[in-house]
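Chemist: Take a look and give me a structure for this.
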Amino acid sequence: MFRKKTDTKDFDRENLVPVLKCSVCTGEQVAGFRNKHTGRFTDIMLIRSQADLDEFRRIYKITDMKTEY
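Modeler: Okay, here's the model as predicted:
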């Protein structure tokens, strides 16, 4: 009756790079995508735990991510 959503989403792999953006001061982490050509970052999800990061990777079928500070 109440199943966990199993939907996955796709993103433009030619123009976007998955990035985990981390704050040095507060430790806040945001997962999103950076445009290869313009450098613009689009935030998708606030990461509060490892489970959130795993969920983001599962939804977008990501195996490795770049980390930026």
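Chemist: Can you measure across stretch 37-46, start residue to end residue?
Modeler: End-to-end span of stretch 37-46 (Cα to Cα, to the nearest Å): 24 Å.
Chemist: Just the pLDDT at Arg3, thanks.
Modeler: The model reports Arg3 with a pLDDT of 55.
Chemist: How about Asp10?
Modeler: For Asp10, pLDDT reads 85.
Chemist: Make sure I have this right: it is in a strand.
Modeler: No - counting by DSSP: H, G, I helix; E, B strand; the rest coil, Asp10 falls outside a strand, being coil.
Chemist: Please shift the residue numbers so they start at 265 in all later answers.
Modeler: Will do, 265 is the new start, and the previous item becomes Asp274.
Chemist: Strands of the chain, start to end?
Modeler: 280-286, 293-299, 305-311, 330-332 (DSSP state E).
Chemist: right, and these - which one's nearest Asp271?
Modeler: Closest approach to Asp271 among the strands of the chain is made by strand 305-311 (14.5 Å; Cβ to Cβ). (Each C-beta comes from the backbone N, C-alpha and C, glycine too.)
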